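Chemist: The following comprises the amino acid sequence and a computationally predicted model.
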Amino acid sequence: MRSFIQFLDEMKQTKRVGIEHLNQLKPMDFIKLVKYIRDETGGKINDKVAHTSVKVDGFGLRFGLSAEGKFFIESSNSGPQFKAGAFSEYTRNKHGETNAISIAYDSVFDSLSKNKKLQSILAKYNTEHGIKIVCECLYSPIGKKEGNKIKFVAINYDVAKLGKVATFVLIKAQDGEGNKISGPLDEIKALSSADYKFTDANVSTHGVDLSVEISDVLKFIEKYPEWERLVISRKKADKDIKMLIKDTLAEYQEKMAKKVLAMIKDPKFGDEFEGIVVQLLKGRNFKVIHKDFSSRKDSKYRPD
């Protein structure tokens, strides 16, 4: 059987929008973000200046209606699928047999398409360009359960904090052109039951003060007026100073990332979490991922 990752890679990819990764940014992008945080927040990030959410270790899911009112779901890469059993049919045609992840998508299609209250909400907010709800899905039957914990790819979640069958972590509502649709997410969350939970990943924070680190970073690069040229230089004569600048900035990035991760009060779905996304109210976003998550994600366990 094909793995979860292989299955998604083989489907037609749809356009994604990346989010800056704080401790993996290139030097010039890191300095731009640092200056932005300084100018917009004074270096202090809290619930007054940002929305913070935990990243969820599930599979990408979109569901909604076409402009004509026809229900569909899609993976992060597949494009809209309007027919029950489409994902299993795809894997059977491609590989001669289906797998757990395609069955999961088809099960979700079956459940959501038959949820009359959900269909009513989608119809209420449908537009001339359709409506699409973007979310992450934690589908319990493909998780690995141990005691009161359940793991999907790398993160252990508290079973009691998830739906018995599926948890839909809602991210945004938009039309087929990518324009935001206001209203449906709160109404959809109200449909939660013991079996199917509709929620979001928003969390409150203690806040974090990065002003000292930001000041230190900017003072450091002031010592090297040509730092922008040096960090991309291929000249042998610049090698040592180039590495000094890049290594020092990387240390600051890691220090800031650890402080940002530590500001979470409650990860919401259990003690473990992949990382967080910080959406500054002025419009810029960035994310921080736990290092231990990255290493564990490369483990052999995959739902397949």
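Modeler: That came in fine, so what should we check first? This is a predicted model, so every value here is computed, not measured.
Chemist: quick check: mean pLDDT across the helix or strand harbouring Lys132?
Modeler: In the assignment (DSSP states H and E), Lys132 maps to strand 131-139. Averaged across strand 131-139, pLDDT comes to 96.
Chemist: packing partners for the following helix or strand past that strand?
Modeler: Counting by DSSP H and E, the next helix or strand C-terminal to strand 131-139 is strand 144-146. Strand 144-146 sits against strand 149-151, with contacts defined as 3 or more Cβ pairs under 8 Å, 6 or more residues apart in numbering; DSSP states H and E. Heads up, the C-betas are built off the backbone N, CA and C, glycines and all.
Chemist: Quick one: name whatever helix or strand follows the strand it packs on.
Modeler: Assigned by DSSP H and E, the successor of strand 149-151 is strand 156-158.
Chemist: So which elements touch that following strand?
Modeler: Against strand 156-158 (3+ Cβ pairs under 8 Å, 6+ apart) you get strand 149-151.
Chemist: would you list every one of the helices in the stretch 1-150 of the chain?
Modeler: Applying DSSP state H, counting those that start in this stretch to the stretch 1-150 of the chain gives helices spanning 4-10, 27-41, 86-95, 100-113, 116-125.
Chemist: Could you spell out the sheet neighbours of the strand holding Lys132, each with its direction?
Modeler: Note on strand 131-139: by DSSP bridges, its sheet partners are strand 59-65 (antiparallel), strand 166-174 (antiparallel).
Chemist: Retrieve the pLDDT associated with Lys149.
Modeler: 96.
Chemist: any idea how far Pro141 is from it?
Modeler: 16 Å (Cβ to Cβ, to the nearest Å).
Chemist: And Thr41, by the same measure?
Modeler: Taking Cβ to Cβ as the measure, Thr41 falls 43 Å from Pro141.
Chemist: which of the two has more neighbours?
Modeler: Taking neighbours as other Cβ atoms under 10 Å, Thr41 and Pro141 compare with Thr41 leading, 20 against 13.
Chemist: Skipping its backbone neighbours, what lies nearest the more buried one in space?
Modeler: Leaving aside its sequence neighbours, Thr41 sits nearest to Val49 (Cβ to Cβ, 6 or more residues apart in numbering; 4.8 Å).
Chemist: what's the burial count for that neighbour?
Modeler: Number of residues near Val49 (other Cβ under 10 Å) recorded here: 16.
Chemist: Check Lys132 too.
Modeler: For Lys132, using other Cβ under 10 Å, the count is 23.
Chemist: so it sits right up against Gln174, yeah?
Modeler: Yes: counting by Cβ atoms under 8 Å, Gln174 is a contact partner of Lys132 at 5.5 Å.
Chemist: what are the ranges of the strands in the stretch 151-300 of the chain?
Modeler: 156-158, 166-174, 196-199, 202-203, 208-209, 275-280, 285-289 (DSSP state E, counting those that start in this stretch).
Chemist: The second one: which residues count as buried?
Modeler: Along strand 166-174, the positions that meet the burial threshold by neighbour count (16 or more other Cβ atoms under 10 Å) are Ala166, Thr167, Phe168, Val169, Leu170, Ile171, Ala173, Gln174.
Chemist: Could you report the distance from the fifth one to Phe59?
Modeler: With distances taken as Cβ to Cβ, Leu170 is found 14 Å from Phe59.
Chemist: So for the chain, the centremost residue is which one?
Modeler: Nearest to the mean C-alpha position of the chain, by Cα atoms, centre = their mean, lies Lys55 at 4.8 Å.
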